[in-house]
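Chemist: Have a look at this prediction, sequence included:
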Amino acid sequence: MALLALTDTTFTEVSLGVYGQAGDYRNIYDPETLAGGVLKAESRLRQDSVFLYGRFGYGYDYGTGSRWRGWVNPYQTPFMAADSVAGPVSLEKYSMEAGIAAPAGRFVFGAGAAYDVALMAKHRDLRNKNTLMEFRIAPGVLYRGRSIDLGLDLGYVRGTERVEYIQVVESVERYLFDVYGLWLAQSTGFSSAEKRRMKESDTFFGDFRVRLRMGSLLLDNNFHAGYEVTRQGEVGYNNLLFGDTRSLAYTDNLDLRFGRGHCISASYSVSTMQGFRYLQRQELDEASSVRSWVTYGDPVHCYYRSLSREDLSYTLSRRMKFTAGLSALQFYHTYTEYPLVLLQSFTELKPYLRFVIPAGRSLTVSPDLWVSHIGKHDTIMNNLQLYAPMKEEWDYWVSDSLGGRLQLEWRPGRMFLRLAYGLDCRMKFDA
């Protein structure tokens, strides 16, 4: 977008990466083992006074023992169709992005667009195939002054995700769960050849950037705000609705650079989500002799989630780069189905250390260390919930952990090789 014109760098970069993940310290939606790869090509070109940007990426993941994952991102909505049978799962991701920026005096006008596609499939009954598409567009403007730069962009994101469930081996009865709220669920034997549902989302967002220069002092501040509405219904003509959400999120990132390699960074983000369900009844249309779902009244507010994060760090960049920081998280969500009220909440405190150490002309070593401590946590449960997956997710959330990561980067000329290994260990178990 318009901020591309802040530097005159022209480059083309092609990268290929592979990764893997295994271990018992994982969330309920994570597979037992995961292996994948990513290919990315990125380029920026200056043609006269116009800046052009392009990016293409492809990624493929393959995991084993995946359960309960009915959406590509299960936390985007509290309403989901899922099954409990563990099986291998594949995820293909395609991403494309393009941007243009053109200066006009002290102003820079630009626009960016991106298109992402993800294809996910579980390869054991019940089999779900997910197709996710997301289109994003954002025009922007930048003002470049002598001591201050001001940038603003406004954007829109249109997203859809369609899931289809199918059973290949019909000699064994499988069960499909309609999960909503905090692991409340209704289960039915899967008897039809296919069951489908569609999730659609519209997101409006804006970014405001300020860069201030005062001698050796440089201040960068980026503020982002977004509002998203999702709708979820069955694919077809019968008007069955599963639930809507309305989400509001905003983030502010501040960097203050001063002196010889000193930087103080602070960030704050808040996101909230409200969930709504519909009162519906299936009725017979006498004209067509087809049964369809009829909605009565306004949607009922039933779910609320709040997530906030704060981070403060200090970085010293000399020959070696050192960062010490502390992040905090507060999580709260509740589901109400009168007279039943369910609740989960917890807080997390996470101090961390990061290093970037030169080990020769072209080699750098970057070790990271962190400790995660769960503070106050609370849960209100009911026997109508799916106890086993709910407890597995909750135990993962409220367990302290100790983690580390070691990265080696070798850059001989225009080539680079990056190797990283991370370890996250559970320190104690909280029931």
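Modeler: Great, that's in hand. Residues are numbered from 1 along each chain as shown.
Chemist: what residue is smack in the middle of this structure?
Modeler: Geometric centre of the chain, nearest residue: Asn73, 7.1 Å, by Cα atoms, centre = their mean.
Chemist: Tell me, what's the model's pLDDT at that residue?
Modeler: Looking at Asn73, its pLDDT stands at 96.
Chemist: Pass me the low-pLDDT residue ranges in the stretch 1-150 of the chain, would you?
Modeler: 1-9 (pLDDT under 70).
Chemist: C-terminal to whichever strand or helix holds Val89, what's the next element?
Modeler: Assessed by DSSP states H and E, Val89 sits inside strand 87-104. Following strand 87-104 in sequence order, the next helix or strand is strand 107-122 (DSSP H and E).
Chemist: partners of the helix or strand that comes right after that next one in the sheet?
Modeler: Once the chain leaves strand 107-122, the next helix or strand it forms, by DSSP H and E, is strand 127-144. Using DSSP bridges, strand 127-144 pairs in its sheet with strand 107-122 (antiparallel), strand 148-166 (antiparallel).
Chemist: got the buried residues for strand 127-144?
Modeler: Under the neighbour-count criterion of 16 or more other Cβ atoms under 10 Å, strand 127-144 has 127-128, 130-132, 134, 136, 138-142, 144 buried. C-beta here means a position set from N, CA and C on the backbone, and glycine is covered the same way.
Chemist: Equivalent analysis for stretch 85-103, please.
Modeler: Those would be 87-89, 91, 93, 95, 97, 99-103, for stretch 85-103 by 16+ other Cβ under 10 Å.
Chemist: mind saving the C-alpha coords of it as CSV?
Modeler: Extracted in CSV, the C-alpha atoms of stretch 85-103 (Å, rounded to 0.1, in the frame of the first residue of the first chain):
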residue,chain,number,x,y,z
VAL,A,85,-13.0,-39.6,15.2
ALA,A,86,-9.3,-39.0,14.9
GLY,A,87,-7.8,-39.2,11.4
PRO,A,88,-5.2,-37.7,9.1
VAL,A,89,-5.9,-34.2,7.9
SER,A,90,-4.4,-32.2,5.0
LEU,A,91,-4.4,-28.4,4.5
GLU,A,92,-3.4,-26.6,1.3
LYS,A,93,-3.0,-22.8,1.3
TYR,A,94,-2.6,-20.4,-1.6
SER,A,95,-2.0,-16.7,-1.1
MET,A,96,-1.6,-13.8,-3.6
GLU,A,97,-1.1,-10.1,-2.9
ALA,A,98,-0.4,-7.0,-5.0
GLY,A,99,0.1,-3.4,-4.2
ILE,A,100,0.9,-0.1,-5.9
ALA,A,101,2.0,3.3,-4.6
ALA,A,102,2.5,6.6,-6.4
PRO,A,103,4.0,9.8,-4.8
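Chemist: Quick check: which element contains Cys425?
Modeler: With DSSP H and E as criterion, Cys425 is part of strand 417-426.
Chemist: can you list the residues that contact that strand?
Modeler: 17, 23, 25, 399-411 (Cβ atoms under 8 Å, 6 or more residues apart in numbering).
Chemist: can you check stretch 64-72 too?
Modeler: Under Cβ under 8 Å, 6+ apart, the answer for stretch 64-72 is 28-33, 74, 77, 80-89, 91, 118, 120, 122, 128, 130, 132, 161, 163, 179, 199, 389.
Chemist: distance between the ends of it?
Modeler: 15 Å (Cα to Cα, to the nearest Å).
Chemist: gap between the residue nearest to the centre of the chain and Glu161?
Modeler: 9 Å (Cβ to Cβ, to the nearest Å).
Chemist: ok, now Met320?
Modeler: 45 Å.
Chemist: Which one's more surrounded, the two?
Modeler: Legend: neighbour count by other Cβ atoms under 10 Å for Met320 and Glu161, higher for Glu161 (24 against 12).
Chemist: so what's that one up against?
Modeler: Per Cβ under 8 Å, 6+ apart, neighbours of Glu161: 71-72, 130-133, 198-199.
Chemist: and it, what pLDDT?
Modeler: On the pLDDT scale, Glu161 is placed at 98.
Chemist: Could you give the bridge partners of it?
Modeler: On the basis of DSSP bridges, Glu161 is bridged to Leu132, Lys199.
Chemist: separation between it and Arg46?
Modeler: 37 Å.
Chemist: Check Tyr29 too.
Modeler: 43 Å.
Chemist: Ile264 contacts Asp311, correct?
Modeler: No: using Cβ atoms under 8 Å, Ile264 is not in contact with Asp311, being 11.4 Å away.
Chemist: When those two are compared, which one has more neighbours?
Modeler: Remark: of Ile264 and Asp311, Asp311 carries more neighbours, 17 against 13, as counted by other Cβ under 10 Å.
Chemist: Downstream of whichever helix or strand the more buried one is part of, the next helix or strand is which one?
Modeler: In the assignment (DSSP H and E), Asp311 maps to strand 290-317. Downstream of strand 290-317, the next assigned helix or strand under DSSP H and E is strand 321-337.
Chemist: What residues of that following strand count as buried?
Modeler: 321, 323, 325, 327-337.
Chemist: Check stretch 166-177 too.
Modeler: Buried-residue list, stretch 166-177, by 16+ other Cβ under 10 Å: 167, 174, 176-177.
Chemist: cool, stretch 56-76 as well?
Modeler: Within stretch 56-76, judged by 16+ other Cβ under 10 Å, the buried ones are 57, 59, 61-63, 66-72, 74, 76.
Chemist: residues in contact with the helix or strand where Thr364 lies?
Modeler: Thr364 belongs to strand 363-380 when assigned by DSSP H and E. Contacts of strand 363-380 from elsewhere in the structure, counted by Cβ under 8 Å, 6+ apart, are 341-359, 394, 397-411, 430.
Chemist: Cross those residues against helices and list the overlap.
Modeler: 394, 397 (DSSP state H).
Chemist: Just the buried residues out of the contacts of strand 363-380, in ChimeraX syntax.
Modeler: With 16+ other Cβ under 10 Å as the criterion, this ChimeraX line picks the buried residues out of the contacts of strand 363-380:
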select :342,344,345,346,347,348,350,352,354,355,356,394,397,398,400,401,403,404,409
